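Turn this into a structure:
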Amino acid sequence: YLMTIADKDGRLLDGGTTYRLTVPANAPVKQYWSATVYDRATHAPIRDARWPSRSSQTPGLQKNADGSVDIYFGSKAPDDKESNWVPTSTGAGFEVLFRFYGPEKPLFDKTWRLPDIEKVSESEVTNKTDDTHRWIGTETINTRFGDFEFKNGYPTIEATDRLYELRTFNRAVESYLHFV
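Residues are numbered from 1 along each chain as shown. Alright, predicted model coming up:
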């Protein structure tokens with residue numbers, strides 16, 4: 001597996017920007033290759049994406065005249081390139097995991113190299129925070145156990161301490177009831 005979180009210029013991959021990865025012809029695999037995108041904050045698949053990856057087995061994948069394949073990453077597919085496009089989420093960072101299924105010797109002896117991802121267009125977002133999960137920000141969650149504060153998608157230290165206290169209390173009650 002090869003993984004990247006940055007483009008060829010060392011800039012972190014941004015979901016609002018369009019990028020291109022040119023997979024050279026004759027990739028050293030017995031089976032197939034695949035480029036999969038993950039949310040950089042959670043390392044999970046990107047929420048609500050139409051598909052998470054493109055591979056050498058993707059139906060309708062467009063090849064260049066020299067046999068190479070351009071894979072695009074971004075919030076919108078480039079014109080006439082949807083079959084070669086992997087959707088990302090505007091306003092969030094992402095990472096790409098490139099897998100080789102049945103890798104062959106040229107990969108290991110480095111006579112075949114996968115080039116870096118290149119930026120094709122600028123970000124659609126000017127005000128973004130890379131340190132947020134989007135699905136939960138700095139907010140208070142009201143529960144039957146009380147209010148819990150979250151900052152950038154994570155519980156605060158106080159909220160974490162209260163949750164552990166509640167769990168400990170709950171276990172004590174269960175133990176007591178078990179032996180009564």
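
going forward, measure contacts and count neighbours with C-alpha atoms only.
Fine.

Okay, helices next: where are they in this protein?
Secondary structure of the chain by DSSP state H: the helices cover 105-108, 157-179.

Need those helices in JSON lines (columns: mean pLDDT).
Listed next are the helices of the chain as JSON lines, based on pLDDT from 0 to 100:
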{"stretch": "helix 105-108", "mean pLDDT": "92"}
{"stretch": "helix 157-179", "mean pLDDT": "84"}
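
and of the ones you listed, who's closest to Gly60?
In terms of Cα to Cα, the element of the helices of the chain nearest to Gly60 is helix 105-108, at 25.8 Å.

Tell me which residues are up against that closest one.
The contact list for helix 105-108 (Cα atoms under 8 Å, 6 or more residues apart in numbering) reads 28, 112-113.

Are any of these buried, and if so which?
Among those, those buried by neighbour count (16 or more other Cα atoms under 10 Å) are 28, 112.

Next step: the contacts of helix 105-108 restricted to strands.
Using DSSP state E, no member of the contacts of helix 105-108 falls within strands.

for the contacts of helix 105-108, which one is nearest Leu13?
Using Cα to Cα, these come closest to Leu13 at Arg113, 20.3 Å.

so what's that closest one closest to, chain neighbours aside?
Residue nearest to Arg113 in three dimensions, not counting chain neighbours: Leu107, with 6.9 Å by Cα to Cα, 6 or more residues apart in numbering.

One more: Gly74?
Excluding its sequence neighbours, the residue lying closest to Gly74 (Cα to Cα, 6+ apart) is Thr18, at 4.3 Å.

what's the neighbour count on Val86?
Using other Cα atoms under 10 Å, the number of residues around Val86 comes to 23.

Please list all residues in contact with it.
Val86 neighbours (Cα under 8 Å, 6+ apart): 36-37, 51-54, 71-74, 77.

what about 6 Å?
53, 73 (Cα atoms under 6 Å, 6 or more residues apart in numbering).

Next: Pro45.
By Cα under 6 Å, 6+ apart, the contact list for Pro45 reads 38-39.

10 Å instead, please
36-39, 51-53, 88, 94-95 (Cα atoms under 10 Å, 6 or more residues apart in numbering).

Gly15 too?
Contact partners of Gly15, counting by Cα under 10 Å, 6+ apart, are 39-40, 46, 73-76, 87-95, 123-125.

what sits against the closest residue to Asp39 other than its chain neighbours?
Spatial nearest neighbour of Asp39, excluding adjacent residues (Cα to Cα, 6+ apart): Phe94 at 4.6 Å. Counting by Cα under 10 Å, 6+ apart, Phe94 touches 4-6, 12-15, 37-46, 73-74, 88.
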